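**Q** any chance you could fold what I've pasted below:
(2 chains)
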Amino acid sequence: MRYPFNEIESKWQNFWEEKKVYKTDLKNSESGKKLYTLVMFIYPSGAKLHIGHWYNYGPTDSWARFKRLQGFDVFEPIGYDAFGLPAENYAIKTGIHPYDSTMKNIDDIRHQLKKIGCMYDWDAELMTCAPEYYKWNQWIFLQMYKKGLAYRKNAPVNWCPNDQTVLANEQVHDGACERCGTQVIQKNLYQWFFKITDYAEELLEGHNQIKWPEETIIKQKNWIGKSEGAEISFKIDGSLSSIKVFTTRPDTIFGATYMVLAPEHPLVDEVTTSEHKAEVEAYREKVKTLTEIERTSTVKEKTGVFTGGFAINPASNKKIPIWIADYVLLTYGTGAIMAVPGQDERDWEFAEKFNLPIIRTVQPPPDFAGKAFLGDGPAINSGFLDGLNVSDAKKKIIKWLEENNLGKATITYRLRDWLISRQRYWGTPIPIIHCPECGELPIDENELPVVLPYDVDFKLGGESPLARNEKFINVKCPRCGREAKRDPDTMDTFVDSSWYHLRYLNPKISSAAFDEELAKKWMPVDMYVGGKEHAVMHLLYARFFHKFLRDIGMVNGNEPYSQLVHQGVITNEGAKMSKSRGNVVNPDEFTSRYGSDVFRMYLMFMGPYDQGGDWSDKGISGVDRFVQRTYDLFLQYKDLNKEVQSQNKYSIGSLNDSEKKVYRKLNQTLNKFNEEVEHFRFNTAIASLMELINELKNLNQCRKEIQLYVLERFSIMLAPLAPHLGEECWQLLGKEFSLFEKPLSFEVDKEALIEDEVNIAVQVNGKLRATLSVPLNSEQLDVKPVVFKDERVRKFTEGKTIIKEIFVKNKIYNIVVK
RNA sequence: GCCGAAGUGGCGGAAUUGGUAGACGCGCUGGACUCAAAAUCCAGUGGGGCUCACACCUCGUGCCGGUUCGAGUCCGGCCUUCGGUACCA
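**A** Numbering: from 1, shown residues only, chains lettered A, B, ... in the order given. Predicted coordinates:
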């Protein structure tokens, strides 16, 4: 009989839902049993759930179910990352309000999610666009504001001309807007920032406390970009001011033959002489018009102009010219450098082009043919540093700088503060009032939430849509009572996702952002699964939030996500699936034909979970056949449990040959299966089940209780991967209770893993010549005669001198001849 | 440029600490069942050679070299693909 997946899948989905099987009692969970499994929540766009969603959620749920069967109290929630640009852009195009489209999408998606058959706790569902949720974004903002971690400054920021909003550094990829691909431009604007840089060091340190993919940790490390070096002051010739530079190579200071300021550097006006003013101004104007890409392109030839001013090199006391050039960035270090062409490729290139002096201060090896020398060697032309290697010279010069009050050792990070304001409508309003008299004032916490108004002209116009809503924007100043204005911007949606895992624990709580007691019990998230595209965005921001919430006493522990797994990307004909490319594969096509268990199992069987791959439905029939055969098998043994009971363990000696074989295979499979699923290696876990079923052809030659022993365990292995089928098979055996209602797992009989006979490879000079079956743990002395009796071995050894014999127990016998 | 991941049959992919390369599945070939087809079941399936056949030989994990009794796995040097990053001083 063909497996009636439609009937069986809806049967179990209804059962699970009615019995609230997946409702986790967070409060009363015994200590040590809690297990918080989380997938990155879903963006509710108008597009349907695609294969990528299934690939993310299905296998993760299988892992969670596996853990649940093992007896853990598993909490697995799902929710909606409901604010954001796409809904708003859709509204501009169609006139459908973002709230309305989002609500409709959420309803559709919820329905589709249920079809996957995940064990989500639907009582914990949340959406970030609800005032009950975003109120707490505002509240956390105010807590940061109090600590000086939320602040407003005028700074050059990334502006996307298409989406008409600013973007965080993390959201600019290759100089383009992460969302729409438009080239971003630099603008000077007053914007809100979160001071993530205060946590730079701790964010690096915390990497030692989490089990994350190494490549993701490395990405974060690179993004944070810690550089150790020194800050050094250079006096401006003929002025009281001085220029501060940051360098990682203070040891090369004697070779600093000129200085470069970023064109926007505040001291440019002061150092520029009247003869050079026109040229400097022209250059600064030109730089302004460049896009980020043009300006930072490494292939571009270096440009710059002389300011006419000079500084004094504090080490050599020489006068050195001050230039401006756009290869020096205002936003890194101090926005100024001491140029050491002898030891820096960029400086060399610049010096060569503009005929500036080059002094080597590290002796390159005799065979060195290049220009700037970056390696280690003895210092030269460096006064009291001469002869020292790089690291000793660094120590000595830093000591000297500190003693002479000219500089000090410092650490600089590449990480910038997180720009969180957006000039868009569909987000969390920033809870600040601007009064012409009193300045910037935070909203009283009791007045929260600042509700996002529904009636807004959200068309793009270069300013925040909220600024055009008179009712929203105009308020009385809470301090002086005069006419004032609300902040017209909304928050980056990455604010929403920085703490949603805490809200899940009790999304209905109205007295606080989250239930602190539950958070202390249930955090950190034990297993977090999501795409690696969030490596330096969401995953960095959430860690920052967690550390802040810890510092204000709301959570324990240093890290929010103790273990992280990235699912791979499923492409179609090599390209990422997307609506705009029109290459999205619809899961319904397969679920309606094979059922959701087959589909989710096929996704797991395709290959390693973290690798993803190009979509192909070629192999799905293999998984379908496996499911059919499995179902047929259980039908043959229907109600077996009503006739017999199985023991927990059988002694091998008491079994007949067929039983022995089956019993061994079952336990080997169970052992392998547990190991593979534990580590998200579902493909090999499924392969082991297929091997098992291939081995069960002779199950009818076993006693009934052995049959039951095998099938009970088989259905329990099936259940995490194909939950509906697993439950059904379990029930077919005549079991009275549902597996997920009363979770159950079986121990491996370790004794059954051991075979009596093993095949060992016989090699001559490392080449395989024969394989022999010998008793387990045979010694070399016992194996040797058998080996040398073998014709195939004799063929290669006769008439030759045996030099050496290598024997590895249960593995190999290698004879070296000459 | 720098950082990271990966290259294994026709295809997706397996291979503990170096120890029988190709598990499992797809596809393909042959057979059974059928009036026929589908479905299902059974057998075979890396390339080449030799053989009536069983067997046997030989080559083979991106390329070149090395270590080792033995390398997909370790080391050195490349090539290709994909991600991240980009004048970060």
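**Q** up against RNA strand B, what does the stretch 151-300 of chain A have?
**A** Listed as neighbours of RNA strand B in the stretch 151-300 of chain A under the rule CB under 7 Å from any atom of the strand: A:169, A:172-174, A:214-215, A:218-219, A:222-223, A:225, A:227, A:229, A:246-249, A:262, A:295-298, A:300. The way it works is simple: take the backbone N, C-alpha and C, and place the C-beta from them, glycine included.
**Q** could you flag which of those are buried?
**A** A:169, A:172, A:219, A:223, A:229, A:246-247, A:249, A:262, A:295 (16 or more other CB atoms under 10 Å).
**Q** format the residues you listed as CSV; extra columns: secondary structure.
**A** Shown next, in CSV, are those (DSSP: H, G, I helix; E, B strand; the rest coil):
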residue, secondary structure
A:169, helix
A:172, strand
A:219, helix
A:223, helix
A:229, strand
A:246, strand
A:247, strand
A:249, coil
A:262, coil
A:295, helix
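**Q** quick check, nearest of those to RNA strand B?
**A** residue A:247 (3.4 Å; CB to the nearest atom of the strand).
**Q** check contacts around the closest one.
**A** Applying CB atoms under 8 Å, 6 or more residues apart in numbering to residue A:247 gives the contacts A:229-230, A:232, A:253, A:337-338, A:340.
**Q** check whether residue A:83 really touches residue A:133, as I assumed.
**A** No: Residue A:83 is beyond contact range of residue A:133, at 9.3 Å (criterion: CB atoms under 8 Å).
**Q** neighbour count winner among the two?
**A** Comparing residue A:83 with residue A:133 by other CB atoms under 10 Å, the one with more neighbours is residue A:83, at 30 against 22.
**Q** look at the more buried one and give its secondary structure.
**A** Applying three-state DSSP: residue A:83 is coil.
**Q** and if you look at residue A:600?
**A** With three-state DSSP as the basis, residue A:600 sits in helix.
**Q** identify the residue nearest the closest residue to RNA strand B within the stretch 401-550 of chain A in space, chain neighbours excluded?
**A** In the stretch 401-550 of chain A, the residue that lies nearest RNA strand B is residue A:414 (3.8 Å; CB to the nearest atom of the strand). Distances taken as CB to CB, 6 or more residues apart in numbering put residue A:225 closest to residue A:414, at 2.6 Å, once the chain neighbours are dropped.
**Q** cool, residue A:605 as well?
**A** residue A:686 (4.7 Å).
**Q** show me what the helix or strand residue A:662 falls within is packed against.
**A** Here residue A:662 sits within helix A:657-678, counting by DSSP states H and E. Here helix A:657-678 touches helix A:51-69, helix A:682-695, helix A:704-721, going by 3 or more CB pairs under 8 Å, 6 or more residues apart in numbering; DSSP states H and E.
**Q** columns mean pLDDT, distance to residue A:318 and mean neighbour count on top of those helices, output as CSV?
**A** CSV is the format used below for the helices and strands packed on helix A:657-678 (pLDDT from 0 to 100; distance: least, CB to CB, whole Å; neighbours: other CB atoms under 10 Å):
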stretch, mean pLDDT, distance to residue A:318, mean neighbour count
helix A:51-69, 96, 61, 24
helix A:682-695, 95, 66, 19
helix A:704-721, 96, 72, 23
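**Q** including distance to RNA strand B, could these go into CSV?
**A** As requested, the helices and strands packed on helix A:657-678 are arranged in CSV below (distance: least, CB to the nearest atom of the strand, whole Å):
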stretch, distance to RNA strand B
helix A:51-69, 13
helix A:682-695, 4
helix A:704-721, 13
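**Q** looking at those helices, which is nearest to residue A:508?
**A** helix A:51-69 (22.7 Å; CB to CB).
**Q** where does chain A dip in pLDDT?
**A** The model of chain A has pLDDT under 70 over residues A:291-299, A:462.
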